[in-house]
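> Sharing a sequence plus its predicted fold:
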Amino acid sequence: MAISDPSKRLEAIPPYMFAELEKRIAAKKEAGIDVISLGIGDPDRPTFRHIVEAMREAVGDPSTHTYPSNRGRKEFREALQAFYALRFGVELDPDDEVMPAIGAKECIYNLCFAFLDAGDVALASDPGYPVYTGGPVLAGAEVALCPLLPSHGFAPDLDAIPAEKLEAARLMFINYPNNPTGAIVPEGFFERAIELAREHDFLVVHDNAYSETTYDGYVAPSFLATPGAKEVGVEVFSLSKGFNMTGWRCAAIVGNADAIATYWRLKTNVDSGLFDAVQLAGAAALTGPREPIEEMNALYQRRRDLVIAALRDVGVEVEPPKGTIYIWAPVLEGHTSTSFAELVLEDAGVVVSPGSMYGPSGEGFFRISLTTPDARLSEAIERIREHLA
Ligand SMILES: *Cc1c(COP(=O)(O)O)cnc(C)c1O
């Protein structure tokens, strides 16, 4: 055995399938070609000014310099309570129904280790955020993929999940507004998920990364606003996308107190909490003005419409998404997700994400992120029009 050999657990993660695409991107760049990436979902605009100012002040306060408590600072927990009440009409007890997380990614990963054993099943959306499958596999459990299809509003068909998977299920990951499909929650879906969780005793984990990033007047609900949600579920709320805070690692888990206590028990063995200054900045974000959020959404909506018009011109028809920072579109006929991504790279020097990156049901689709600065995005759009029409 070599010193660099990975554990069996790590080996069980499927190898990165897009090494070929990465290689081609690197080769293009080496050849001096100006490659524009529309692949990554990471806001291009800075964190809102009032949040940065709150952080400046917070780092000057020595009370933020010691180990934080994993349960979280009172200011942060109360800011979440106030935000959830005002924004979603959801009542939370800041003492035991709110806990900070070092990003939604950490939280989802740790939930897998807190709740899953060998033989247990996690129900995961396909396509979906990669940690919904990587987390359970690393925890030694099994994943049951629930396809998100356009014909079903990109929601899992809960009545099609095999009985034996439901019996073994301990977690179900859902996410609306949805990455990568841009879909919003279909009417009645949260209600049905709660019923199923009650029947089969599993915890619903709603990944709420995009509730603040919506368009055309759509206002996204919290999962916890659905009656009965708190009895069977938690919501992971991230400040990353909605507040341009991806680098800050600021999120929270809210909802079922017993489930949060179990997460806390795992977490005390893994990390030492979220930097108190980041919690204070997060509190400022949650209680601050909404105008910067509205401005970001107006910007993304404008970019969304530019991209959709260009795609239409090259024969790709897609409904404008009502939320998230992504456009999820079918590839041109005769292509797979990867062959299409390779075509766009070869012909236009533009990187799009192959849909199959997000799970087998993503095959036949590609994803474009709206987080590229205007001038670069316009250039990418022009090239797509010119070379793919
Ligand atoms: C970006 C994203 C996350 C990551 O959130 P962090 O708080 O930055 O870890 C989680 N879930 C989904 C669906 C995302 O798109």
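Structure received. Residues are numbered from 1 along each chain as shown.
> hey, let's count contacts and neighbours off CA atoms from now on
Noted.
> near the ligand, which residues of the stretch 1-150 of the chain show up?
Neighbours of the ligand within the stretch 1-150 of the chain, by Cα under 6 Å from any ligand atom: G103, A104, K105, Y129.
> Who are the contact partners of the second one?
Taking Cα atoms under 8 Å, 6 or more residues apart in numbering as the definition of contact, the neighbours of A104 are D207, A209, V236, F237, S238, C250, A251, A252.
> Reformat the residues of the stretch 1-150 of the chain next to the ligand as JSON lines; add secondary structure.
Converted to JSON lines, these look like this (DSSP: H, G, I helix; E, B strand; the rest coil):
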{"residue": "G103", "secondary structure": "coil"}
{"residue": "A104", "secondary structure": "helix"}
{"residue": "K105", "secondary structure": "helix"}
{"residue": "Y129", "secondary structure": "coil"}
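> What about the ligand: which of the contacts of A104 touch it?
Among these, the residues within reach of the ligand (Cα under 6 Å from any ligand atom) are D207, A209, S238, A251.
> where's S125, which helix or strand?
S125 is located in strand 121-126, with elements delineated by DSSP states H and E.
> out of everything not next to it in sequence, what's closest to the residue in the stretch 251-389 of the chain that the ligand sits nearest to?
The nearest approach of the stretch 251-389 of the chain to the ligand comes at A251, 5.4 Å away (Cα to the nearest ligand atom). In space, and not counting its chain neighbours, A251 is closest to S238: 4.2 Å by Cα to Cα, 6 or more residues apart in numbering.
> Can you pull out the low-pLDDT segments for the protein?
Applying pLDDT under 70 to the chain flags the ranges 16-17.
> Identify each of the strands in it and give its residue range.
36-37, 98-101, 121-126, 142-147, 169-174, 203-208, 233-238, 251-255, 326-330, 350-351, 353-354, 365-369 (DSSP state E).
> So which elements touch the strand holding S125?
Here strand 121-126 touches helix 131-138, strand 142-147, strand 169-174, going by 3 or more Cα pairs under 8 Å, 6 or more residues apart in numbering; DSSP states H and E.
> hmm, who's touching it?
The contact list for strand 121-126, computed with Cα under 8 Å, 6+ apart, reads 116, 132-133, 136, 141-148, 156, 165, 168-174, 358-362.
> Of these, which count as buried by neighbour count?
The neighbour count (16 or more other Cα atoms under 10 Å) marks 116, 132-133, 136, 141-148, 156, 165, 168-174, 358-359, 361-362 as buried among these.
> rewinding a little: tell me the contacts of the residue nearest to A251?
S238 makes contact with G103, A104, N208, A209, C250, A251, A252, according to Cα under 8 Å, 6+ apart.
> how far away is Q279 from I108?
In this view, Q279 and I108 are 19 Å apart by Cα to Cα, to the nearest Å.
> what does D61 give?
To I108, D61 is 31 Å away according to Cα to Cα.
> between these two, who's got more neighbours?
More crowded of D61 and I108, by other Cα atoms under 10 Å: I108, with 23 against 12.
> Can you add distance to I33 and give the contacts of S238 back as JSON lines?
Listed next are the contacts of S238 as JSON lines, based on distance: Cα to Cα, whole Å:
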{"residue": "G103", "distance to I33": "35"}
{"residue": "A104", "distance to I33": "35"}
{"residue": "N208", "distance to I33": "37"}
{"residue": "A209", "distance to I33": "34"}
{"residue": "C250", "distance to I33": "36"}
{"residue": "A251", "distance to I33": "38"}
{"residue": "A252", "distance to I33": "41"}
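> Out of those, give me the one that has the most neighbours.
A251 (28 neighbours).
> Okay, and the beta partners of that residue?
Beta-bridge partners recorded for A251 (DSSP bridges): A101, S238.
> quick one: it and K241 touch, right?
No - A251 is beyond contact range of K241, at 10.6 Å (criterion: Cα atoms under 8 Å).
> quick one on the thing from earlier: out of the residues of the stretch 1-150 of the chain next to the ligand, which one sits closest to F18?
Nearest to F18 among those is Y129, at 16.1 Å by Cα to Cα.
> My guess is the closest one contacts S356. True?
No - the criterion here is Cα under 8 Å, and Y129 misses it with S356 at 11.8 Å.
> and stretch 319-327, how far from the chain's centre?
Relative to the chain's own centre, stretch 319-327 is displaced by 13 Å; criterion: Cα atoms, centre = their mean, to the nearest Å.
> still on that earlier bit, from the residues of the stretch 1-150 of the chain next to the ligand, which two are the most distant?
Based on Cα to Cα, the longest span within those runs between G103 and Y129 and measures 13.7 Å.
> how many neighbours does P46 have?
For P46, the neighbour count with other Cα under 10 Å is 11.
> doesn't F243 make contact with it?
No - with contact defined as Cα under 8 Å, P46 does not count as touching F243 (9.1 Å).
> Residue numbers of the stretch 151-300 of the chain in contact with the ligand?
Those residues of the stretch 151-300 of the chain that sit near the ligand, judged by Cα under 6 Å from any ligand atom, are N179, D207, A209, S238, S240, T246, R249, A251.
> which ones are touching the nearest residue to P94 once chain neighbours are set aside?
Residue nearest to P94 in three dimensions, not counting chain neighbours: R77, with 5.2 Å by Cα to Cα, 6+ apart. Neighbour list for R77: P94, D95, V98, M99, P100 [criterion: Cα under 8 Å, 6+ apart].
> Show me how to select, in ChimeraX, the buried members of the residues you listed.
Selection of buried members from the contacts of R77 for ChimeraX, criterion 16+ other Cα under 10 Å:
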select :94,98,99,100
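> State which helix of the chain is the longest.
Ranked by residue count and defined by DSSP state H, the top helix of the chain is helix 291-313.
> Report the angle between it and strand 365-369.
140 degrees (axes from the mean of the first three to the mean of the last three Cα atoms, to 10 degrees).
> Now helix 291-313 - C-alpha only, CSV.
Taking C-alpha atoms only, helix 291-313 is exported to CSV below (Å, rounded to 0.1, in the frame of the first residue of the first chain):
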residue,chain,number,x,y,z
GLU,A,291,-32.3,46.6,-1.3
PRO,A,292,-29.0,45.0,-2.1
ILE,A,293,-30.7,41.6,-2.5
GLU,A,294,-33.3,43.2,-4.8
GLU,A,295,-30.5,44.8,-6.8
MET,A,296,-28.7,41.4,-7.2
ASN,A,297,-31.9,39.7,-8.3
ALA,A,298,-32.6,42.4,-10.9
LEU,A,299,-29.1,42.0,-12.2
TYR,A,300,-29.4,38.2,-12.4
GLN,A,301,-32.8,38.5,-14.0
ARG,A,302,-31.4,40.7,-16.7
ARG,A,303,-28.6,38.3,-17.3
ARG,A,304,-31.0,35.4,-17.3
ASP,A,305,-33.1,37.0,-20.1
LEU,A,306,-30.0,37.7,-22.2
VAL,A,307,-28.8,34.1,-22.0
ILE,A,308,-32.3,32.7,-22.7
ALA,A,309,-32.6,34.9,-25.8
ALA,A,310,-29.2,33.8,-27.1
LEU,A,311,-30.0,30.1,-26.5
ARG,A,312,-33.3,30.5,-28.4
ASP,A,313,-31.3,31.9,-31.3
